[in-house]
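>>> what follows is a predicted structure for the sequence shown.
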Amino acid sequence: MIIPAQLHHLNDIIFIEKSAFNQPWTKNQFMNDIQSELDSENWVYVINELVAGYIFGWIIQGEFHLNNIAVHPEYLRRSIGKNLIQHIIARVILRNVGVILLEVSAENIPARKCYQSLGFNQMGIRKDYYSKGDDAILYNLELNTDG
């Protein structure tokens, strides 16, 4: 079940974040996003009251910027990340967003395959974005909002 991220989800989110990334977001960064007045879309995928995955992003001038997505290590390869992205696509189309933008580590092959399977296009590379030798691949997905 995909529901809005709330402050009581923070400990589960932080556990996933630390298991997924070498340079994880801080608890304050997540807390600020959940409480933000910005036009944000912050969702968690819950299984038996446990956060199995999350997706965080902002809508800025008709664009959705996917800031963070991760899945609990015990729930990988169960389409949770894909379901979260599909949820965001449906949400932002309703809000007349024209494009989704993101970057992902060049080394994160499963995530890159997932994005490509959903129609995202590689638009560029940021050298050494995450760390020396770990480039970011820039992706976007043009959305048809002609409804």
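In hand now; what should we look at?

>>> tell me how many other residues surround Asn96.
Residues within reach of Asn96, counting by other CB atoms under 10 Å, total 12. For glycine as for every other residue, the C-beta is placed from the backbone atoms N, C-alpha and C.

>>> next one: it from Tyr75, what distance?
32 Å (CB to CB, to the nearest Å).

>>> same deal with Gln116?
21 Å.

>>> helices or strands next to the longest helix belonging to the chain in the packing?
Ranked by residue count under DSSP state H, the longest helix found in the chain is helix 80-94. Packing partners of helix 80-94 (3 or more CB pairs under 8 Å, 6 or more residues apart in numbering; DSSP states H and E): strand 2-4, strand 40-47, strand 50-60, strand 63-71, strand 99-105, helix 109-117.

>>> for it, the distance to its chain's centre please.
10 Å (CA atoms, centre = their mean, to the nearest Å).

>>> now stretch 69-77
From the chain centre to the centre of stretch 69-77 is a distance of 12 Å (CA atoms, centre = their mean).

>>> next, the angle strand 63-71 makes with the one helix or strand Met31 maps to.
In the assignment (DSSP states H and E), Met31 maps to helix 27-35. Inter-element angle recorded for helix 27-35 and strand 63-71: 130 degrees (by axes from the mean of the first three to the mean of the last three CA atoms, to 10 degrees).

>>> coming back round to it: as CSV, the helices and strands packed on helix 80-94 with mean neighbour count would be great.
Conversion of those to CSV gives the following (neighbours: other CB atoms under 10 Å):
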stretch, mean neighbour count
strand 2-4, 13
strand 40-47, 20
strand 50-60, 21
strand 63-71, 21
strand 99-105, 20
helix 109-117, 15
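
>>> export the ones you listed as TSV, with columns for distance to Val92 and mean pLDDT.
Rendered in TSV, the data for those read as follows (distance: least, CB to CB, whole Å; pLDDT from 0 to 100):
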stretch	distance to Val92	mean pLDDT
strand 2-4	14	97
strand 40-47	7	96
strand 50-60	7	96
strand 63-71	5	96
strand 99-105	7	96
helix 109-117	15	94
